[in-house]
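Visitor: Provide a 3D model corresponding to the input given below.
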Amino acid sequence: MGKKIKIAIAGVGNCASALIQGAKYYTDNPRDTVGLTAYNLGGYEPQDIEVVAAFDVADTKVGKDVSEAIYARPNNTITVADVPSTGITVQRGPTKDGLGRHLSRIVTPSPEPEVNVKKVLQDTGAEMLVNYLPVGSTEAVRHYASQALEAGIGFLNAIPVFIASEPKWQQMYAEKKIPLAGDDVMSQLGATVVHKTLVKLFVDRGVLVDGTYQLNIGGDMDFYNMLDEERLEDKRISKTSAVKAMADYDIPMRIGPSDYVDFIDNEKICYINIEGKYFGKIPIKLDLKLKVIDAYNSAGIMIDAIRGLKIALDRKLSGPMTSISSYCFKHPPIQMPYTEAKKAFAEFVEGKREQ
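Guide: Numbers count the residues shown, from 1 in each chain. Here you go, the predicted structure:
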């Protein structure tokens, strides 16, 4: 067994639940490598991930052991593992802009006083902070990123508030000699990776793409939160930029969350349309429907990202980790086609690529 990877988590929602349950599932099933780049990645296995601190604002989660909080409402993803008591209590993080108009109707803020995030990170020995706050939590994400920076630990940004892809943050982390990666986790086989790969295929095969759109619906708090249209600007930019980068010409496109359907819980349904012309300007049209359990679609990627950032910490690297970011996230510092990003990530793990 490798050395432990001590992580702190900001936002104990469905994605955090899937990450923690997933790590337990693969620990109990070491022969099952489905969904992971490799069971052993650079000397680290899923069982090496240890949550040493967690932050949330919901009264259903604050004060509870992490093993209880991950199943607490409004979380509604499926259960794949029975996580035993961790001895780690979810602490009251700062709210700032973390609760939008819709989430405020569902989530009751805990009356517990807010903790000093930097001090908790230092006292627990966390090596990195994994950010899972709600979409649109710009001030809150920046606060956690700055607390990780001041605590001298790595930062993994799983949501579309731009940190790892912003030159200002890149420079600050480089100056402190610590690594970061992000932004906005790209699912194992989700809407964005499927969409960008299909557009790249069309372009590479000589099809002129006239236009494309992507519509998504879901029934979890992520989609409920995104009913606040004003919180979606970065999300749309993140998803759209990943697809736009696959062509060397402008393609009319509309990409982003579309609606909330409460009774489908953590299921996400995606519709992708691509229209264009091939030889002789003959029209071609693709319509695709994709259904996934949303939280688990990103969990394996985050297990890879966590292990990748730990390797970066071991090597004393700093600033944005371009290979981890391009492989694991929608809005990285450098956009790459999926196959190129996977190759870059593998070369990084093997020590053939610095960042």
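Visitor: Counting residues, name the longest helix you see in this protein.
Guide: helix 294-314 (DSSP state H).
Visitor: so what does the helix or strand following that helix touch, helix or strand wise?
Guide: Per DSSP states H and E, helix 294-314 leads on to strand 319-320 as the next helix or strand towards the C-terminus. Applying 3 or more CB pairs under 8 Å, 6 or more residues apart in numbering; DSSP states H and E, we find strand 319-320 packed against helix 167-175, strand 179-181. For every residue, glycine as well, the C-beta is placed using N, CA and C.
Visitor: which residues touch the last one?
Guide: Counting by CB atoms under 8 Å, 6 or more residues apart in numbering, the neighbours of strand 179-181 from elsewhere in the structure are 145, 154-157, 163-164, 169-170, 173, 305, 308-309, 312-313, 317-321, 324-325, 328-329, 332.
Visitor: let's go with 6 Å and repeat that
Guide: Identification of contacts with strand 179-181 by CB atoms under 6 Å, 6 or more residues apart in numbering yields 154-156, 164, 173, 309, 312, 317-318, 321, 324-325.
Visitor: strands paired with that strand, and their directions?
Guide: strand 154-157 (parallel), strand 319-320 (parallel) (DSSP bridges).
Visitor: in the very next helix or strand once past it, what counts as buried?
Guide: Remark: after strand 179-181, the chain's next helix or strand is helix 191-204, criterion DSSP H and E. With burial defined by 16 or more other CB atoms under 10 Å, the residues of helix 191-204 counted as buried are 191-200, 202-203.
Visitor: where does the protein dip in pLDDT?
Guide: 1-2 (pLDDT under 70).
Visitor: What about it, which residue is the most distant from its middle?
Guide: For the chain, the largest distance from the centre (CA atoms, centre = their mean) belongs to G280, which lies 41.8 Å off.
Visitor: Turn the buried residues of helix 191-204 into JSON lines, including distance to V83.
Guide: Formatted as JSON lines, the buried residues of helix 191-204 follow (distance: CB to CB, whole Å):
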{"residue": "A191", "distance to V83": "28"}
{"residue": "T192", "distance to V83": "28"}
{"residue": "V193", "distance to V83": "28"}
{"residue": "V194", "distance to V83": "30"}
{"residue": "H195", "distance to V83": "33"}
{"residue": "K196", "distance to V83": "33"}
{"residue": "T197", "distance to V83": "33"}
{"residue": "L198", "distance to V83": "36"}
{"residue": "V199", "distance to V83": "38"}
{"residue": "K200", "distance to V83": "38"}
{"residue": "F202", "distance to V83": "43"}
{"residue": "V203", "distance to V83": "44"}
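Visitor: Just give me the closest of those to G276.
Guide: F202 (6.0 Å; CB to CB).
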